[in-house]
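Enquirer: 3D model of this:
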Amino acid sequence: MAKLTMSQVANKIGVSVYTIKRWYKWLESEDVEKLAELVKKGMPVLPKYELVGATKWRYWDENDIEDIIKFKEWVPKTRNGVMSMKKEEK
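Expert: Alright, predicted model coming up:
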């Protein structure tokens, strides 16, 4: 099974490297309970990546492409959607 870099994954699924970084940043910073609720409502889970080397290059298994495509298709295409960086005011 081949390992793919972020740029290879981005190229295969037709998005930018920045988009993939943004998806993972959102997942890693979002509230666990909110994510669990979204998964119950049908959100596909992004596969874990492998960090390699001192520069922490991210690698995915070739088999992960399908799961990433499912997530790409799920992402709402609306302004201020589920991934909006706006947080609720206290």
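Enquirer: going forward, measure contacts between C-alpha atoms and count neighbours the same way
Expert: Fine.
Enquirer: and W74, how close does it get to K21?
Expert: According to C-alpha to C-alpha, to the nearest Å, W74 stands 16 Å off from K21.
Enquirer: quick one, longest helix in this structure?
Expert: helix 17-29 (DSSP state H).
Enquirer: just the angle for the following helix or strand past that one relative to helix 17-29, thanks.
Expert: As assigned by DSSP states H and E, the chain's next helix or strand after helix 17-29 is helix 32-40. Counting by axes from the mean of the first three to the mean of the last three C-alpha atoms, to 10 degrees, helix 32-40 lies at 120 degrees to helix 17-29.
Enquirer: now tell me what touches helix 32-40 from outside.
Expert: Residues from elsewhere that reach helix 32-40 (C-alpha atoms under 8 Å, 6 or more residues apart in numbering): L27, V45.
Enquirer: pairing partners for the next helix or strand after it, with directions?
Expert: Per DSSP H and E, the first helix or strand lying C-terminal to helix 32-40 is strand 50-52. Here strand 50-52 has these sheet partners by DSSP bridges: strand 57-61 (antiparallel).
Enquirer: buried residues in the strand it pairs with, which are they?
Expert: Residues of strand 57-61 classed as buried by neighbour count (16 or more other C-alpha atoms under 10 Å): R58, Y59, W60, D61.
Enquirer: in JSON lines, list these along with pLDDT.
Expert: Output for the buried residues of strand 57-61, formatted as JSON lines (pLDDT from 0 to 100):
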{"residue": "R58", "pLDDT": "93"}
{"residue": "Y59", "pLDDT": "95"}
{"residue": "W60", "pLDDT": "96"}
{"residue": "D61", "pLDDT": "95"}
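Enquirer: just the closest of the residues you listed to A2, please.
Expert: D61 (6.0 Å; C-alpha to C-alpha).
Enquirer: give the contact list for that closest one.
Expert: D61 sits in contact with M1, A2, K3, L4, Y49, where contact means C-alpha under 8 Å, 6+ apart.
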